[in-house]
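J.: here you go, sequence then predicted model.
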Amino acid sequence: MKRKMTLLLAILMILSVGLAGCGGSEPTTATATEQPEGTVEPTEEASEQILRVNWGANPPDLDPATTTDQISIMILNDTLEGLVRLNAQGEALIGTGLAESMTVSEDGTIYTFTLRDANWDDGSAITASDVLFSWRRVVDPATAAQYAYQLYPIKNAQAISKGELGIDELGVQVLDEKTVEVTLERPTPYFLSLLGFITYYPVQEASVVEFGDNFATAPEFMVSSGPFKVETWMQEQKLDMVKNELYWDAEAVKLDRIEGDMLVDLNTPINLYETGELDTIAVPSEYLDKYRDSDEFISMPMATTWYMQYNCEDEFFANVKIRKAFSMALNRSAFVDNVLANGSVVAGAFVPNGIPGKDGGDFTDQTGITLKDMGTEGEAGMAEANQLLDEGLAEVGKTREELAAHVTYLTGESDVAKKFGQAFQQMWKQTLEIEVPVEAVSFAIRLDKYNAKEYTISLAGWGADYNDPMTFLDTMIAGSGNNNSFWANPEYDALIEKATVTAGSERMDAMIEAAQILDAEMPVAPIYYRARNMVEKEYVKGLVRFPVGVDNEFKWTSIEK
């Protein structure tokens, strides 16, 4: 996932509690017990309700208006509440969050939400004004929210985000302290699912104003509305949360604490799990054989695409033939089988299999996209990759020597990230006879380099925020906050715009054509669709894992005696 999982996602997330984007044709859970509305079977609970996890990295941004990474998104899901919250079956239903009830106009464009009586953790009431303030803040150009486009279904949101209208023109009105009226540009069938995404989660207006630039940077600058609140945050070391006793549904929350480490290496989380100091961890491929037959092992597919991302404003990688040459030079099947070796599968397109298309069929199947590389083409692929590279270099007036002196592969500091980089480095050297240096930096520095356009190639991932091809395709429009390839194609943008104002087969046809353009231009080269592999102690009950939206939901988790 994102995103994000940005939804760009850090390679570090593979090592975390189960961090990924979101996605899949049907929301499912992988929990110790699966019950309606997120309940769990009664068990004899331990006297100490503490869950110990590994976040995998320091959360870079705990402001829901600006965050894009899955580590931050998961923590924010624990500490804030949206108008809706996904239940244990992954459904966005009224009554699961701050909205107690809802009415919708006959034409499907006006939603009226009545908020329940709920409080921030400082005891003050959560009001409709907080919702209005928060959503205006997301689309305000001054906020520079990469996920602002998630609010574009709301009337005037896109125009405001582009600076064409003032924020007071947003189609959201406060009717009274507990009532919010939302006017959409057009009917949006997945609007409730969007409300369950972190960008829509309200923040307390008073705290944002009071704390200013310090907002959400430390526990003393956070005000919570969700099941938990941050108690301790030691940068790059640990983040612990405690139960929020003022949460509206506090009776459903069993955990007293969630204690989270930020461990990047492979071995330490395994050792801590084995000694009982961590209760659940992601399983690296090196340890799959150790755990795959264990009753504690959990594996689930994710509609999350990991892809090679090129800086399309770079003097070399602005050229489509050079991008395609580097994609063709890879052997995806060898990478998936021998390097990942974790149940992930080779990606054939940017939108993963399982996302519904026309008449409920598989969207990617309907695009007819097939991806060629060394794994599918063999020696012919090597010849084609080198021909593409030579033609592309001739078009930009550069040599292989100049390319070799310029290109780098940007990645994370974890053992897994470096291992991946070495595998890609070897493939490019073997096929193209170009040694690509691996530049390993922290997650935060990598995000900064993306924003500053200071990279050439990087591996990134995106997971579905909702169950529709648009959740992938609209990330690649020009100017999108999550388009870190900086690719722009007016025809593509027009098709995505068409898909936002049409319905049925016409809408799907527009997205299919857009996906085909994306494949032909290849600003991103899909590599694999991710599988999540985890182990979880048998005494952990009710930990819900989603393939859509946030990865893990701890609201209903408990520790059995």
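T.: Received, thanks. Numbers count the residues shown, from 1 in each chain.

J.: for stretch 162-176, which outside residues touch it?
T.: Contacts with stretch 162-176, where a contact means Cβ atoms under 8 Å, 6 or more residues apart in numbering, come from 112, 128-129, 131-132, 135-136, 139-141, 154-157, 159-160, 180-185. Where you see a C-beta, it was placed from the backbone N, CA and C, and this is true even at glycine.

J.: and the helices in the stretch 301-450 of the chain?
T.: Along the stretch 301-450 of the chain, counting by DSSP state H, counting those that start in this stretch, helices occupy 320-328, 332-334, 363-367, 374-377, 379-396, 400-406, 415-432, 443-451.

J.: just the angle between the last one and helix 415-432, please?
T.: The one in question is helix 443-451. 40 degrees (axes from the mean of the first three to the mean of the last three Cα atoms, to 10 degrees).

J.: name the SS class of residue 483, please.
T.: Going by DSSP: H, G, I helix; E, B strand; the rest coil, the secondary structure assigned to residue 483 is coil.

J.: tell me the confidence at it?
T.: With respect to pLDDT, residue 483 has a value of 92.

J.: which parts of the stretch 151-300 of the chain are helices?
T.: Under DSSP H, counting those that start in this stretch, the stretch 151-300 of the chain gives helices at 157-161, 191-195, 205-211, 267-274, 288-291.

J.: again, but for the stretch 1-150 of the chain
T.: Counting by DSSP H, counting those that start in this stretch, the helices of the stretch 1-150 of the chain are 70-79, 128-139.

J.: neighbouring contacts of the longest one?
T.: Right, helix 128-139. By Cβ under 8 Å, 6+ apart, the list of residues contacting helix 128-139 reads 64-65, 83, 98, 115, 143, 145, 147-148, 150-151, 154, 157, 160-161, 167-168, 170, 172-180, 199-205, 208.

J.: filter the contacts of stretch 162-176 to the buried ones?
T.: Listed as buried from these are 112, 128, 131-132, 135-136, 139-140, 154-157, 159-160, 180-185; burial here means 16 or more other Cβ atoms under 10 Å.

J.: of the helices of the stretch 1-150 of the chain, which is nearest residue 360?
T.: helix 70-79 (28.4 Å; Cβ to Cβ).

J.: restricted to strands, list the contacts of helix 128-139.
T.: The strands, defined by DSSP state E, take in 115, 172, 173, 174, 175, 176, 179, 180 from those.

J.: could you redo these as JSON lines and give each row pLDDT and distance to residue 505?
T.: Listed next are those as JSON lines, based on pLDDT from 0 to 100; distance: Cβ to Cβ, whole Å:
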{"residue": "115", "pLDDT": "98", "distance to residue 505": "38"}
{"residue": "172", "pLDDT": "98", "distance to residue 505": "32"}
{"residue": "173", "pLDDT": "98", "distance to residue 505": "35"}
{"residue": "174", "pLDDT": "98", "distance to residue 505": "39"}
{"residue": "175", "pLDDT": "98", "distance to residue 505": "37"}
{"residue": "176", "pLDDT": "98", "distance to residue 505": "42"}
{"residue": "179", "pLDDT": "98", "distance to residue 505": "37"}
{"residue": "180", "pLDDT": "98", "distance to residue 505": "34"}
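
J.: since we're on residue 431, how many residues are nearby?
T.: A count of neighbours around residue 431, defined by other Cβ atoms under 10 Å, yields 22.

J.: for residue 331, see how far away it is.
T.: According to Cβ to Cβ, to the nearest Å, residue 431 stands 8 Å off from residue 331.
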